[in-house]
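Colleague: Sequence unavailable; structure follows:
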């Protein structure tokens, strides 16, 4: 996750006092966000009632970071959209109606959006250990390893990762392995200067597909990671504190 050090651009070149007068809720929200980023527990701030001017100013302040994602849920409605801001640990979480109008939107300060954690926590924990068909036998031991690691993992422990792409597994075995793990309700992308990362929840709790790509889009690493969420998604406490400092600097630049 990158940290953006570019100076803020004031909305419509307005002076700080005028911005604070036009958008008092944003002027009050920003220091509260900074405080929340320094806390251990996640905290949400409702944005649904913001005016277009307030929303534009908040967009200008928080920007868009390197992590985006969709939570598919189980109700068959539109997905929940997740975007990390330029401030590590500050997440925009939005739900639209079928027409694209915003139904609910929050900013959440914390290591990972709680909507994501709650969604994947409802997945089943057991991996079906079926016998691999002919041509896919190489995946049997790997599936057993993944199942054992998933059963042993506990919160607070480091994530466990295994490589699954060829030459570790031939194509038939890899296809069978992914069929056993299934497709889950969360898809996320992490962009970076050195390439990107695509993260997809499997249908098994705590088991994730994590694929790293080079800048040209070529696959560099195809892996399975076991843990609450992949490590590359989590905003460390130190990074969140740095974001709080930066947010206070932004507030001074906008509203002074």
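Modeller: Nice, I can see it. Since we're looking at a predicted model, the values are computed, not measured. Numbers count the residues shown, from 1 in each chain.
Colleague: From the centre of the chain, point out the most distant residue.
Modeller: residue 134 (37.7 Å; Cα atoms, centre = their mean).
Colleague: so how far is residue 173 from that residue?
Modeller: According to Cβ to Cβ, to the nearest Å, residue 134 stands 11 Å off from residue 173. In short, each C-beta sits where N, CA and C put it, glycine included.
Colleague: Please, which helix or strand holds the residue farthest from the centre of the chain?
Modeller: In this assignment (DSSP states H and E), residue 134 forms part of neither any helix nor any strand.
Colleague: For residue 36, see how far away it is.
Modeller: Distance of residue 134 to residue 36, computed by Cβ to Cβ: 55 Å.
Colleague: cool, residue 128 as well?
Modeller: Distance, residue 128 to residue 36, by Cβ to Cβ: 41 Å.
Colleague: Looking at those two, which is more packed in?
Modeller: Taking neighbours as other Cβ atoms under 10 Å, residue 128 and residue 36 compare with residue 36 leading, 22 against 11.
Colleague: Kindly state the pLDDT recorded for the more buried one?
Modeller: Here the pLDDT value assigned to residue 36 is 97.
Colleague: got the contact list for it?
Modeller: Applying Cβ atoms under 8 Å, 6 or more residues apart in numbering to residue 36 gives the contacts 43, 45, 109.
Colleague: so the second one is in which element?
Modeller: What it means is residue 45. Assigning secondary structure by DSSP H and E places residue 45 in strand 43-46.
Colleague: And the contacts of that strand?
Modeller: Residues outside strand 43-46 that contact it (Cβ under 8 Å, 6+ apart) are 29, 32-33, 36, 93, 104-110, 114.
Colleague: One more pass at 7 Å, please.
Modeller: 29, 32, 33, 36, 106, 107, 108, 109 (Cβ atoms under 7 Å, 6 or more residues apart in numbering).
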